[in-house]
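> One predicted model, sequence on top.
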Amino acid sequence: GAGVSQTPSNKVTEKGKYVELRCDPISGHTALYWYRQSLGQGPEFLIYFQGTGAADDSGLPNDRFFAVRPEGSVSTLKIQRTERGDSAVYLCASSRAGTYTGELFFGEGSRLTVL
Amino acid sequence: AQSVAQPEDQVNVAEGNPLTVKCTYSVSGNPYLFWYVQYPNRGLQFLLKYITGDNLVKGSYGFEAEFNKSQTSFHLKKPSALVSDSALYFCAVRDGGFKTIFGAGTRLFVKA
């Protein structure tokens, strides 16, 4: 497809489990972002990749959260020892290479529910 | 650090009337400002952006926004609202880095 693809669209897990969320950006977009959106709030920045490297991971809430982008395309957000407070919609976005002015193209999100 | 404020949780307007959704921002450098819209069960979609130049920028679906540097505002406007404009609207700011910060959102309800 032409847009940003995120899988799974829904994930229900139990407290303490490990979760992976996948993002496939628009072809040719080298910039990739992860955001988290809780109910009634705006997207909260987590991490930004330029190519394979995490250029800014200042939004990751703690060391249970980690993201990778090994080949500069698909990215995986990994959450260890999930907690109920991690429940949210995790959004991925991509944009064209290395520009401050480009808009973000979002996927439809992965809804994570931690029981 | 940059920040965005959307002072209204919800805006109600009758179809055919003009609408305004308010946004103010705070950045340390030159602001790059964006509006996004989120329809139910859909991802965020880009509407318009201000980078430089004319203070009035036009975007998708007949929306426009006015950049006001002295008031640090970037209000979203549309001359004539449609019921189909009902959605959640987010203002966002980038201050020259790559991090985009979003406001809490304003729910627009257009009544027929």
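Okay, I see it.
> May I have the lowest-mean-pLDDT helix or strand in chain A as PDB, with CA atoms only?
Across the helices and strands of chain A, mean pLDDT, DSSP states H and E gives its lowest value to strand A:53-56, namely a mean of 88. As requested, the backbone C-alpha atoms of strand A:53-56 are provided in PDB (Å, rounded to 0.1, in the frame of the first residue of the first chain):
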ATOM      1  CA  GLY A  53      19.700   5.400  14.000                       C
ATOM      2  CA  ALA A  54      17.500   6.800  16.700                       C
ATOM      3  CA  ALA A  55      18.200  10.500  16.400                       C
ATOM      4  CA  ASP A  56      16.000  11.500  19.400                       C
END
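> Show which residues not belonging to that strand make contact with it.
Strand A:53-56 is contacted from outside by A:47, A:48, A:49, A:67, A:69, B:97, B:98, B:99, using Cβ atoms under 8 Å, 6 or more residues apart in numbering or on different chains. Every residue, glycine included, has its C-beta placed from N, CA and C.
> Report the distance from it to the chain centre.
Distance, stretch centre to chain centre, for strand A:53-56: 13 Å (Cα atoms, centre = their mean, to the nearest Å).
> Next: stretch B:65-77.
9 Å.
> which bits of chain A sit near chain B?
Contact residues (Cβ under 8 Å from any Cβ of the partner chain) of chain A with chain B: A:4, A:31, A:33, A:35, A:40-45, A:48, A:50, A:55-56, A:58-59, A:91, A:93, A:100-101, A:103-109.
> if you skip the residues just before and after it, what's nearest to residue B:94?
Among residues not flanking residue B:94 along the chain, residue B:32 sits closest, at 4.3 Å (Cβ to Cβ, 6 or more residues apart in numbering or on different chains).
> what bits of chain B have low per-residue confidence?
For chain B, no stretch has pLDDT under 70.
> Now do the strands in it.
In chain B, strands defined by DSSP state E lie at B:3-5, B:10-14, B:19-21, B:24-26, B:32-38, B:44-50, B:56-58, B:64-68, B:73-78, B:87-94, B:101-102, B:106-111, listed in chain order.
> So what sits opposite the residue most central in space within chain A in the bridge?
Geometric centre of chain A, nearest residue: residue A:34, 3.2 Å, by Cα atoms, centre = their mean. Beta-bridge pairing of residue A:34 under DSSP bridges involves residue A:47, residue A:92.
> contacting residues for it?
Counting by Cβ under 8 Å, 6+ apart, residue A:34 has contacts A:23, A:46, A:47, A:48, A:67, A:75, A:77, A:90, A:91, A:92.
> try it again with 7 Å
A:46, A:47, A:67, A:77, A:90, A:92 (Cβ atoms under 7 Å, 6 or more residues apart in numbering or on different chains).
> Give me the helices and strands touching the one helix or strand the fifth one maps to, please.
Read it as residue A:90. If you go by DSSP states H and E, residue A:90 is part of strand A:88-95. Packed against strand A:88-95 by the contact rule (3 or more Cβ pairs under 7 Å, 6 or more residues apart in numbering or on different chains; DSSP states H and E) you find strand A:31-37, strand A:105-106, strand A:110-114.
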